[in-house]
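Asker: Provided below are the primary sequence and the corresponding predicted coordinates.
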Amino acid sequence: MLGIFLGLAVLMALAYLGWSIIWVAPIAAGVVALTGGLDLLEAYKDTYMGGFVAFAKDWFPVFMLGAIFGKLMEDTGMARSVAVALTKLIGTQRAILGVLVSAAVLTYGGVSLFVVVFAVYPLALSLFREANISRKLIPATVALGAFTFTMTALPGSPQIQNLIPMEYFQTDAMAAPVMGIIAAIIMGGGGYFYLRWREKKLVAQGEVFTEPKEKKEVEGPDQTPNFFLSLLPLLTVLLTLNLLEWDVVTALISGIVLIMLLNVTMYKKFIPSMNSGAGGSVIAIINTSAAVGFGTVVREVPGFANLTQLLMGIKGNPLISEAIAVNVLAGATGSASGGMGIALEALGSKYYEIAMNTGISPEAFHRVASLSSGGLDALPHNGAVLTLFAITGMTHKDSYKDIFVVAVLIPVISVAFVILLNTIGIL
């Protein structure tokens, strides 16, 4: 079992240094294989690549179509249209709430987290300028709206972090809705009140809005489509996925087709946008598949039985051990989907078996896995966090402590709270 922890340490250390998990994961898996007594070449070619390919086979269509959907929303101006309308509705005096709601609506509608950052940042800059709020809070505000409750907690979310557990627990995207809504209230409400408190504290210290040195504004299209028309693709994906219970692939295709029909005059943008989205999805799916391949090797070494016994031996509700496993692995990989993929590939069948033999529903295991993936994943080496800093022109020193509170600390608290409610029989 020591070899498993050594492999995890290698994975975490190299990921933190900014090295790509695409080649770091096989190295970490090799450490696990060698210390576990497996043949190194066989462990890579058969075990590791077997897990890698199986995950890519199951999930590549969702990654690709989700990326294309988000890119079309961005390039047609629909994502910006939704964000602009919502921020105008909420008003400049509630700048933090406006940015938060805009990011949340786009993410819950199926738009990629990375696309949301590009779409919302120019509006955040404008609103924070008018409200005279320090730019230090922009990254945390966007992170709260895009990286937390809409990604993992709200039932029905088409984000991959809510979809991956479906395969392991035979559930759907609406799994454990009450548990998810309670967690979402804790994350969204707690994060918002924290950011308002930070805003007042910064103002008291004399820290207000300052112009970016490099004027790193992300320009949107000159004209944006009608707000209500721009909402339709987001609603289409949500409603077909959850109310009509279409497969997520079909739901995303319906959203893509509707975007193109509503923006037919922009047809020249369609091919470049789809090419760009599809190309970007390849890196995303390979990153997650690489992490899952690592989990497959972990599952094959003799020490895994001891690790399983250790996790399953945690006293109390088995949801606790699931939450710990997913959180730790998400933190190690710096990826919500990657960490959850490793944990469920290795332990998903065990937790499903527990669900079948106890009074805890598979839906609860689904929701806790999803919620836990959005906790320690947002450590400093997380790719979305690094992208957020690059776009906003902020640094870890400027803004990471606020991201830590809204995207790591409060989400972990929300998971602990809903597990407590489940333990005492309320959920």
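Answerer: Structure received.
Asker: which SSE is residue 105 in?
Answerer: helix 95-108 (DSSP states H and E).
Asker: who does that helix touch, helix- and strand-wise?
Answerer: Applying 3 or more CB pairs under 8 Å, 6 or more residues apart in numbering; DSSP states H and E, one finds that helix 95-108 makes contact with helix 78-90, helix 113-131, helix 138-146, helix 149-152, helix 177-204, helix 227-242. Every C-beta, even on glycine, is put in place using the N, C-alpha and C of the backbone.
Asker: which residues of the stretch 301-427 of the chain fall in strands?
Answerer: Assigned by DSSP state E, counting those that start in this stretch, the stretch 301-427 of the chain shows no strands.
Asker: where do the helices of it begin and end?
Answerer: Along the stretch 301-427 of the chain, the segments classed as helices by DSSP state H, counting those that start in this stretch run 303-312, 318-333, 336-357, 362-373, 383-392, 396-404, 410-423.
Asker: looking at those, which is buried most?
Answerer: With neighbours taken as mean count of other CB atoms under 10 Å, the helices of the stretch 301-427 of the chain reach their highest mean count in helix 362-373, at a mean of 28.
Asker: report the angle between that helix and helix 318-333.
Answerer: Taking axes from the mean of the first three to the mean of the last three CA atoms, to 10 degrees, one finds that helix 362-373 is oriented at 30 degrees with respect to helix 318-333.
Asker: sorry, back to before: and the helix holding residue 105, what's its mean pLDDT?
Answerer: Mean pLDDT, computed over helix 95-108, is 94.
Asker: same thing with stretch 156-173?
Answerer: Mean pLDDT, computed over stretch 156-173, is 96.
Asker: one more: stretch 266-277?
Answerer: Averaged over stretch 266-277, pLDDT sits at 94.
Asker: give me the number of residues near residue 109?
Answerer: For residue 109, the count of nearby residues is 27 (other CB atoms under 10 Å).
Asker: ok, it - contacts?
Answerer: With contacts defined as CB atoms under 8 Å, 6 or more residues apart in numbering, residue 109 is in contact with 82, 158, 231, 233, 234, 235, 237, 238.
Asker: just the residues you listed now: which is nearest residue 412?
Answerer: Comparing these against residue 412 with CB to CB places residue 158 closest, at 23.9 Å.
Asker: the closest one touches residue 250, doesn't it?
Answerer: No: counting by CB atoms under 8 Å, residue 250 is not a contact partner of residue 158; they are 11.8 Å apart.
Asker: who's more crowded, those two?
Answerer: Set residue 158 next to residue 250 and count neighbours by other CB under 10 Å: residue 158 wins out with 25 against 13.
Asker: give me phi/psi at that one?
Answerer: The phi and psi values for residue 158, taken as degrees, to the nearest 10, are phi -80, psi 10.
Asker: ignoring the adjacent residues along the chain, who's closest to it?
Answerer: Spatially, and ignoring its direct neighbours in sequence, residue 158 is nearest to residue 110 (4.1 Å; CB to CB, 6 or more residues apart in numbering).
Asker: and if you look at residue 368?
Answerer: Leaving out its chain neighbours, the residue that sits closest to residue 368 by CB to CB, 6+ apart is residue 319, at 4.8 Å.
Asker: separation between that neighbour and residue 167?
Answerer: Noted for residue 319: a distance of 19 Å to residue 167, by CB to CB, to the nearest Å.
Asker: nearest to residue 300, of the helices and strands packed on helix 95-108?
Answerer: Comparing the helices and strands packed on helix 95-108 by CB to CB, helix 149-152 comes nearest, at 28.7 Å.
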